[in-house]
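Visitor: Okay, here's the prediction I keep looking at, along with the sequence it came from:
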Amino acid sequence: MSKAFPSESDRRFMDEVASLMAPWGWSRNVSRIFAYLLLREQPATLDEISEHVGVAKSIASVAARELEQYGNARRHSQPGTKQILYSAPEKRYGPFTDQAAMMGTMAALMMRQPVESAAVKNRLTGVAAFLDAMREAIEEVYERPEFRD
């Protein structure tokens, strides 16, 4: 007999992912469903997600669509049925492309802010340079062949 899924260890993993993703702006439900999909071998139905993650089916549906919209889940249809399944993506994970874009926007904002103080200008220039370097690093990783879709 195989072990029950999700196990207590799996549930702890889902909760830890939720805690780690909160600063990135992910809701607890979206984060837990993302972690759940990462742990699954096969795509999951909304009923399975709802039951295993412990959320209402409507919450599972909204969260799965949000994950799909940003490339953090894949939608699968079953021929001859209206049932939709979701799985983790094969190559790209997390909110990092969105965060990279935000870093670039923040850097541009800092560089165009008029300031009279040289100290403030230096500070803004330094933070902008850091954000641009982070954005470039994330973009470079996404351009590597092993992470392309």
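Guide: Arrived safely, thanks for sending. Keep in mind that what you see is a predicted model, and the values were worked out from it rather than measured. Residues are numbered from 1 along each chain as shown.
Visitor: Can you report how many residues neighbour residue 86?
Guide: Neighbour count for residue 86, taken as other Cβ atoms under 10 Å: 25. Backbone N, C-alpha and C define where each C-beta goes, glycine included.
Visitor: where does this protein dip in pLDDT?
Guide: Flagging of the chain using pLDDT under 70 yields the residue ranges 1-3, 92-94, 149.
Visitor: go again using 80 as the cut-off
Guide: Along the chain, the parts satisfying pLDDT under 80 run over 1-4, 91-95, 98, 147-149.
Visitor: Pull out the buried residues from stretch 53-70.
Guide: 53, 55, 59-64, 66-67 (16 or more other Cβ atoms under 10 Å).
Visitor: Make sure residue 63 is actually in contact with residue 33.
Guide: Yes - when contacts are counted by Cβ atoms under 8 Å, residue 63 is listed as touching residue 33 (4.7 Å).
Visitor: All good on my end, thank you.
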